[in-house]
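In: model this:
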Amino acid sequence: MMTKSQIVAHLAQNVGIPKKTAAAVLVELVTVAAKEAKSSGQFVVPGLGKAVKANRKARTGRNPQTGEAIKIPAKTVVKFRLAKAFKDAVVPLKKK
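Out: I've put the predicted structure just below:
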């Protein structure tokens, strides 16, 4: 797994920009993604996937220590759906 500084160094080297600029781009991408997902409900990173805001229904769960039934309230969560091109690049389809 790459750390943030390793990603910044990789971007800087491969794109040919200073590390400070690469770090600023990475921070700005995350900021824009959060704002856009919050306001419109989704944010697309072409070729990678999209972050989508989704509603989870209220449900009944169990306390693992006591086994007692508990109510879990409804809430909004963020899901990330990978793009097909990205999935295929990471795990190629098997030919039959």
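In: residue ranges with poor pLDDT in the protein?
Out: Along the chain, segments meeting pLDDT under 70 span 96.
In: And the residue nearest the centre of it?
Out: Phe80 (4.7 Å; CA atoms, centre = their mean).
In: Contact partners for the closest residue to that one other than its chain neighbours?
Out: Computed as CB to CB, 6 or more residues apart in numbering, the closest residue to Phe80 that is not its neighbour in sequence is Ala51, at 5.3 Å. From N, CA and C alone the C-beta is placed, and that goes for glycine too. Residues in contact with Ala51 (CB atoms under 8 Å, 6 or more residues apart in numbering) are Ala33, Ala37, Gln42, Phe43, Val78, Lys79, Phe80.
In: a strand runs through the residue nearest to the centre of the chain, doesn't it?
Out: Yes - Phe80 sits within a strand when classified using DSSP: H, G, I helix; E, B strand; the rest coil.
In: Next up, the contacts around it.
Out: Gly49, Lys50, Ala51, Val52.
In: will you turn these into TSV that also has distance to Lys84?
Out: Shown next, in TSV, are the contacts of Phe80 (distance: CB to CB, whole Å):
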residue	distance to Lys84
Gly49	9
Lys50	12
Ala51	16
Val52	15
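In: Filter those down to the buried ones.
Out: By neighbour count, with 16 or more other CB atoms under 10 Å, the contacts of Phe80 hold Gly49, Lys50, Ala51 as buried.
In: Let me have whichever strand or helix holds the last one in PDB, keeping just the CA atoms, if that works.
Out: So the one you mean is Ala51. Using DSSP states H and E, Ala51 maps to strand 49-56. Extracted in PDB, the C-alpha atoms of strand 49-56 (Å, rounded to 0.1, in the frame of the first residue of the first chain):
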ATOM      1  CA  GLY A  49     -14.900   5.000 -10.200                       C
ATOM      2  CA  LYS A  50     -17.400   7.200  -8.400                       C
ATOM      3  CA  ALA A  51     -18.300   8.100  -4.900                       C
ATOM      4  CA  VAL A  52     -22.000   7.800  -4.300                       C
ATOM      5  CA  LYS A  53     -24.100   9.000  -1.400                       C
ATOM      6  CA  ALA A  54     -26.600   6.300  -0.300                       C
ATOM      7  CA  ASN A  55     -29.300   6.000   2.300                       C
ATOM      8  CA  ARG A  56     -29.200   3.000   4.600                       C
END
